[in-house]
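In: return a 3D structure for these sequence lines:
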Amino acid sequence: VREAKAALTTRRGSKAGCRSKCRRGSASAQTAAPAERPRLPLSDIGVELELLACRSDAIGKVAATPHLLMAQLRSPSSSSDSSHRFQARGIFRVSAEVEEVDALCSKCTHLDAAEHIRRCDEPHVLAGCLKKFYRALPQPLFPVEHYGLLIEIGRIDETHDDALASATMTQQLQHFLEALPKTNLANLRVLLLFLSDVAASEPLTSMGAEGLAIVFAPSLVRPFEQSPTLSQFADLPIISRGLQFLI
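Out: The predicted structure is shown next:
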């Protein structure tokens, strides 16, 4: 009898231990599940353009952050009722404080970008943030595979007279734009329309199409993975000719 009681006690303890292990395993699985959820990026700066274009706040495949920055630059300056922020002298050429640009960029998140951009009244900070958005894209707005074509377009005026160069460049740029991914083309179109308005205010800004093309080319074209070579630096003025023509 004593042996039977001892065996029964052993079996009960074993079952209780199994139930305890199962409960611990289930609790651990429930606790670990939330850790598998992907985290949202802290800032829109440096995020793939395709991801930003698919978000609910995108406008016609145009990422929200550059759209908001351009809208704020188009709005009247608080210091003048007649001029827009993008009409500040040297816009996109005059550098703002790096800390101020970085601070605004860090606040350009999915939920907070609109509020913080609307609070910014400094045109050069807004302009610096816009350039940084394009410069920080993992893949440049002008895809790397089109780099050679951009060089050819930029050199057209070296081998043709003015009238023929203009017609040839128009035709080549048309082919270039048709070859762009739809998301890149949508974002480029909005940027070019904005830069065209800025260029029209050259008497106020001292920044025409040529100057804007020079300062934006390094942000839109990146043929290199790591560090640029000297020859690639030399290519930027050539590429900026095509960009100037687009503006």
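In: where does the chain dip in pLDDT?
Out: In the predicted model, the chain carries pLDDT under 70 at residues 1-42, 79-82, 158-161, 223-233.
In: ranges for the strands of it?
Out: Using DSSP state E, the chain contains no strands.
In: show me where it has helices.
Out: Under the criterion DSSP state H, the chain contains helices at 2-32, 49-53, 64-74, 98-106, 113-119, 123-135, 147-154, 156-159, 162-179, 182-200, 202-205, 209-220, 230-246.
In: only the buried residues of the third one, if you could.
Out: What that stands for is helix 64-74. Using 16 or more other CB atoms under 10 Å as the test for burial, helix 64-74 gives 64-70, 72-73. To be clear about C-beta, it is placed using only N, CA and C from the backbone, and glycine gets the same treatment.
In: contacts for that helix next, please.
Out: With contact meaning CB atoms under 8 Å, 6 or more residues apart in numbering, helix 64-74 is reached by 44-45, 52, 55, 57-59, 84-86, 91, 108, 110, 113-114, 117-118, 120, 123, 126-127, 129-130, 133-134, 187, 190-191, 194, 197.
In: switch the cut-off to 7 Å
Out: 44, 55, 57-59, 84-86, 108, 113-114, 117-118, 120, 123, 126-127, 129-130, 133, 190-191, 194 (CB atoms under 7 Å, 6 or more residues apart in numbering).
In: also stretch 117-133?
Out: 45, 65-66, 68-70, 72-73, 78, 85-86, 88, 91-92, 94-96, 100-101, 104-105, 216, 219.
In: chain center to that stretch, what's the gap?
Out: 13 Å (CA atoms, centre = their mean, to the nearest Å).
In: circling back: which of the helices of the chain is buried the deepest?
Out: helix 123-135 (a mean of 23; mean count of other CB atoms under 10 Å).
In: and the closest residue to N187 other than its chain neighbours, what does it touch?
Out: Closest residue to N187 in three dimensions, ignoring its sequence neighbours and counting by CB to CB, 6 or more residues apart in numbering: V62, at 5.4 Å. The contact partners of V62, taken as CB under 7 Å, 6+ apart, are 186-187, 190.
In: now those residues in JSON lines, with distance to E145?
Out: Listed next are the contacts of V62 as JSON lines, based on distance: CB to CB, whole Å:
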{"residue": "A186", "distance to E145": "19"}
{"residue": "N187", "distance to E145": "17"}
{"residue": "V190", "distance to E145": "22"}
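In: name the nearest of these relative to S166.
Out: V190 (24.7 Å; CB to CB).
In: separation between the closest one and V62?
Out: Distance, V190 to V62, using CB to CB, to the nearest Å: 5 Å.
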